[in-house]
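# okay, sequence plus prediction incoming.
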Amino acid sequence: MNKNVNIVTDLDGRKIVLINDIRFKSRRSFDWDTIEEYLKEYIGQFFEIIETCEKIYIGSDFPDEFCHSEDKINTKGPNLRAKANAATAIGELIQVASNRTVYPDYNEKHGSKAKYGWYHYNTRFGLPVYNDTGELVRYNIFSARMLIRRDKNKNLYLYDFVRIKKETCSPPR
């Protein structure tokens, strides 16, 4: 996978994944089937969260959930564009995840796929903003909640990125 992604640290010491190339461009809609095919390249890989040293695996359910979940359907505008382009930096987004919280699998909705519950992490990424001449002006910074399921073998699997929102503070220049 050819990608131009960097991990930087902001002034508060928090890590941000800067996605320097916008792979999925559109003003109105995205071809989510193409994004799903792109994400299938990650299946079988794993990435380690820097903060906790936990290995997060990419399972076969991730691409479909990422592209067709209820959260994605309810996401609009720049946040939807951000989710589409976050697909190019899955490994890095996992690496910089922080602030783990644990949730049970309420009503055993997901069965053995999440037998030991869910982990939620926060992660952040930036997308470039260019002026009319193609020069980089700034990065728009987005935050996201990363959902991890803990299966019957106690392995951790990436499930989705939800609650993607543009941060309103001044982005790094």
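Thanks, I have the structure now. Numbers count the residues shown, from 1 in each chain.

# tell me the secondary structure at residue 63.
Three-state call for residue 63 (DSSP: H, G, I helix; E, B strand; the rest coil): helix.

# low-confidence bits of the protein, can you list those?
Scanning the chain for pLDDT under 70 picks out 1-3, 26-28, 104-112, 169-173.

# tell me which element the residue sitting nearest the centre point of the chain is part of?
For the chain, residue 161 is the residue whose C-alpha lies nearest the centre (Cα atoms, centre = their mean; 4.7 Å). Assessed by DSSP states H and E, residue 161 sits inside strand 156-166.

# so what touches that strand?
54-59, 61-62, 65-66, 69, 71, 75, 78-79, 82-83, 86, 90, 93-94, 113, 118-119, 123, 140-151 (Cβ atoms under 8 Å, 6 or more residues apart in numbering). Any C-beta I mention is one placed from the backbone N, CA and C, and that applies to glycine too.

# kindly report the same for stretch 129-137.
Stretch 129-137 is contacted by residues 128, 138, 139, 140 when judged by Cβ under 8 Å, 6+ apart.

# thinking residue 114 is in contact with residue 151, fair?
Yes - in this structure residue 114 lies within contact range of residue 151 using Cβ atoms under 8 Å: 6.8 Å.

# neighbour count winner among the two?
residue 114 (23 against 17; other Cβ atoms under 10 Å).

# how much space between the more buried one and residue 102?
As defined by Cβ to Cβ, to the nearest Å, residue 114 lies at a distance of 12 Å from residue 102.
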